[in-house]
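Trainee: what's the 3D shape of this:
(one chain, ligands or ions: 1)
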Amino acid sequence: MHFVPENCMLRAILKDATGTAFVPGAKRKGSMDIETTGKPVTAATLLRAKQDDQKMIWLTAYDASSAQLAEASGVDVLLVGDSLGMVCLGYDSTIPVTLNDMIHHTAAVVRGRNRAWVVCDLPFGSYQLSPEQAFENSVQVLQSTRCDAVKLEGGVPMAETIRFLAERGIAVVAHIGLTPQSVKKFGSYGRRGKSQDEREALLLDAAAVCEAGAVALVLENIPHDLAAEITSSVSIPTVGIGAGPDCDAQVLVWHDVLGLSESNPPFAPAYAGVREVMKDALVRWGDDVRQGRFPG
Ligand code: KIV
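Mentor: Model prediction:
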């Protein structure tokens with residue numbers, strides 16, 4: 001059973017850069033290879049990629065130099081995640097991260113980007129109080145960083161807020177499944193959606209945020225078949241992290257994919273061992289200083 005309200009599909013009738021209306025699922029003539037156009041990525045680009053069955057690459061970034069490197073490697077979307085708190089700021093969860101932390105790092109990422117779409121996580125406490133609070137803080141983020149979109153955690157309970165923002169012109173990315181800002185409530189970073197009740201709740205969450213006007217949906221740490229079902233049931237692109245291969249896009253945390261973290265979540269393989277490379281360089285430099293070999 002799918003839970004997609006009809007107007008969820010209607011909302012997704014967008015116009016591309018030429019002003020031509022298109023609907024996900026309907027093949028358009030002459031669609032371009034998005035990766036090679038070099039044009040700035042927009043919300044419409046992401047939707048068209050879903051329609052064209054083209055995977056988009058999302059990656060977290062927290063500063064200008066990582067933004068530049070990510071873009072040079074073909075990343076389409078730079079997500080300034082509130083994982084910032086854990087991988088850069090030394091906190092043991094994302095809960096202490098403030099709006100000012102997010103603004104500071106997002107502005108740096110925007111300075112380093114050229115064509116990528118930049119999304120800023122709204123941190124814990126900056127949007128849950130009311131749609132008005134979420135609007136005020138989103139405006140502050142968008143105006144002071146010049147990023148493209150905000151992301152917030154939650155499904156059905158956040159639908160009214162997403163609608164409030166979307167109707168006022170803000171691009172909102174929703175995030176369901178494992179939602180780290182609720183770790184104190186759930187007690188762990190474990191997989192969500194394992195029981196039938198949780199599956200049904202997540203399907204309702206996905207439909208609700210889509211119908212409310214979210215432009216993309218992050219699915220974190222849920223069963224792969226559930227992510228596949230959600231992906232085929234909503235008209236907006238899904239972005240998977242620990243959610244299997246059938247999502248429209250994939251996202252990983254910068255430190256995890258490069259092997260900078262001390263340990264990775266089971267669903268996030270390291271594609272390099274950068275932590276060891278950096279440590280080795282620093283140890284050799286320190287030795288050279290101690291032995292009088294540096295400066296030469
Ligand atoms: O904060 C973050 O980095 C995120 C991603 C893991 C999706 O929300």
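
Trainee: check contacts around the closest residue to Gly259 other than its chain neighbours.
Mentor: Using CB to CB, 6 or more residues apart in numbering and skipping the chain neighbours, the partner closest in space to Gly259 is Ala270 (3.4 Å). For every residue, glycine as well, the C-beta is placed using N, CA and C. By CB atoms under 8 Å, 6 or more residues apart in numbering, the residues touching Ala270 are 256-259, 261, 264.

Trainee: what about 10 Å?
Mentor: Ala270 makes contact with 252, 255-261, 263-264 under the criterion CB atoms under 10 Å, 6 or more residues apart in numbering.

Trainee: Likewise for Ile176?
Mentor: The contact partners of Ile176, taken as CB under 10 Å, 6+ apart, are 153-156, 158, 192-193, 201-206, 208-209, 214, 217-220, 222, 230, 238.

Trainee: Wasn't it part of a strand?
Mentor: Yes: under DSSP: H, G, I helix; E, B strand; the rest coil, Ile176 falls within a strand.

Trainee: Could you check how many residues crowd around the residue of the stretch 1-150 of the chain found nearest the ligand?
Mentor: Relative to the ligand, the nearest point of the stretch 1-150 of the chain is Gly81 (2.1 Å; CB to the nearest ligand atom). Per other CB atoms under 10 Å, the neighbour tally for Gly81 reads 29.

Trainee: Please name the nearest non-neighbouring residue to it.
Mentor: Nearest non-adjacent residue to Gly81 (CB to CB, 6+ apart): Thr60, at 4.5 Å.

Trainee: okay, the one you found: pLDDT?
Mentor: Thr60 is assigned a predicted lDDT (pLDDT) of 98.

Trainee: That one: how many residues sit nearby?
Mentor: 27.

Trainee: Helix, strand or coil: sort out the residue nearest to Gly259 for me.
Mentor: Assignment for Ala270 (three-state DSSP): coil.

Trainee: distance of it from Val119?
Mentor: 23 Å (CB to CB, to the nearest Å).

Trainee: give the contact list for Ile170.
Mentor: Residues near Ile170 by CB under 10 Å, 6+ apart: 134-135, 138-139, 141-142, 148-150, 162, 164, 213, 215.

Trainee: Of those, just the buried ones, ChimeraX syntax please.
Mentor: The ChimeraX command for the buried members of the contacts of Ile170 (criterion: 16 or more other CB atoms under 10 Å) is given here:
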select :134,135,138,141,142,148,149,150,162,164,213,215
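
Trainee: export the contacts of Ile170 to CSV and tack on pLDDT?
Mentor: Converted to CSV, the contacts of Ile170 look like this (pLDDT from 0 to 100):
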residue, pLDDT
Ala134, 99
Phe135, 99
Ser138, 99
Val139, 98
Val141, 99
Leu142, 98
Asp148, 98
Ala149, 99
Val150, 99
Ile162, 99
Phe164, 99
Gly213, 98
Val215, 98
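
Trainee: could the contacts of Ile170 go into a markdown table alongside secondary structure and distance to the ligand?
Mentor: Below are those laid out as a markdown table (DSSP: H, G, I helix; E, B strand; the rest coil; distance: CB to the nearest ligand atom, whole Å):
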| residue | secondary structure | distance to the ligand |
| --- | --- | --- |
| Ala134 | helix | 17 |
| Phe135 | helix | 21 |
| Ser138 | helix | 16 |
| Val139 | helix | 21 |
| Val141 | helix | 14 |
| Leu142 | helix | 18 |
| Asp148 | coil | 16 |
| Ala149 | strand | 13 |
| Val150 | strand | 12 |
| Ile162 | helix | 16 |
| Phe164 | helix | 21 |
| Gly213 | coil | 20 |
| Val215 | coil | 15 |
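
Trainee: Tell me the buried residues in stretch 219-235?
Mentor: Across stretch 219-235, burial judged by 16+ other CB under 10 Å covers 219-224, 226-231, 233-235.

Trainee: sorry, that was for stretch 128-147
Mentor: For stretch 128-147, a neighbour-count test (16+ other CB under 10 Å) marks 128, 131, 134-135, 137-138, 141-142, 145, 147 as buried.

Trainee: in this protein, which residue is closest to the centre?
Mentor: Residue closest to the mean C-alpha point of the chain, counted by CA atoms, centre = their mean, is Leu79 at 4.9 Å.
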